[in-house]
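Student: Give me coordinates for this.
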Amino acid sequence: MGRRNLFAGRLNGMLYCLRTEIARNLYLPRDVVANDDGFFKAAICTDFFREPLDQTKVVSVREATHLYEPYLSLGDVLNNQKRQMIGQATVYVIVEYLYTLPETDRANLAATLQRLEAADPDWLKKLINAHVAQTKRFWRLFPGILGFRWRRLAQMPGVRRITHFPAAAAGFGVTLIACWQAARFLRRGVSNYWPKTVRQTIAVTPVVAAK
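Tutor: As a prediction, the model looks like this:
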């Protein structure tokens, strides 16, 4: 994607809030079944695809925390990563397409996406199928697949690059496998993938405020 690298955001897909005026101009097409946060981040940080990427438009609250159930098996981890790869590829396709539209259509993003979906419910699926058909190598499903884990490692200070290298290498291997699985799945003409997993319930201790 070059100058439009829209996948470097830090928006937490499980816990985020939006300004009302921003939220009203967002619409999620039905075939964006994963990485809705990636699509929203791309729209928000580019002023609905009209300005250069500005990640300062998303603010992280350091004191905010949330708990979620972990994936317990390698199979579940791979399935989740496969879902992420499908979602990333979908976001890449839709963002690239939106940049070809007139600025007025991008400024009124929600209305534009609703109009596209009303005219052809499969419009996005067709774009995905065309993209996958043109992509001969699974590691080119979307830009940055081969390098993003190593870039994160390179950003770590000093000795942490050494101590975190095994995790980065393992993650790289999982990413390649998941991307290969995602490409095979998408080439069958299906983009809707949400695997069932067995996850451990987290026991939460209630916090009692001191008087």
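Student: neighbours around Y27, how many?
Tutor: 17 (other CB atoms under 10 Å). No exception for glycine: its C-beta is placed from N, CA and C like everyone else's.
Student: Which pLDDT value goes with it?
Tutor: Predicted confidence (pLDDT) for Y27: 95.
Student: likewise T65?
Tutor: At T65, the pLDDT value in this model is 75.
Student: Against T20, how distant is L113?
Tutor: 18 Å (CB to CB, to the nearest Å).
Student: Skipping its backbone neighbours, what lies nearest L116 in space?
Tutor: Spatial nearest neighbour of L116, excluding adjacent residues (CB to CB, 6 or more residues apart in numbering): W123 at 5.1 Å.
Student: follow-up on the earlier one: the more surrounded of L113 and T20?
Tutor: A count of neighbours by other CB under 10 Å puts L113 above the other of L113 and T20, at 21 against 6.
Student: that older thread, wait, doesn't the residue nearest to L116 sit right on L113?
Tutor: No - using CB atoms under 8 Å, W123 is not in contact with L113, being 9.4 Å away.
Student: Give me the buried positions along the helix or strand harbouring R184.
Tutor: R184 is part of helix 165-187, with elements assigned from DSSP states H and E. Under the neighbour-count criterion of 16 or more other CB atoms under 10 Å, helix 165-187 has 168, 171-172, 174-183, 185-186 buried.
Student: likewise stretch 126-140?
Tutor: Result for stretch 126-140 [16+ other CB under 10 Å]: buried residues 127-129, 131-132, 135, 138.
Student: First-to-last residue distance for it?
Tutor: With CA to CA, to the nearest Å as the measure, stretch 126-140 spans 18 Å from end to end.
Student: what does stretch 155-164 give?
Tutor: Per CA to CA, stretch 155-164 runs 11 Å from first to last residue.
Student: Quick one: mean pLDDT over that stretch.
Tutor: pLDDT averaged over stretch 155-164 gives 89.
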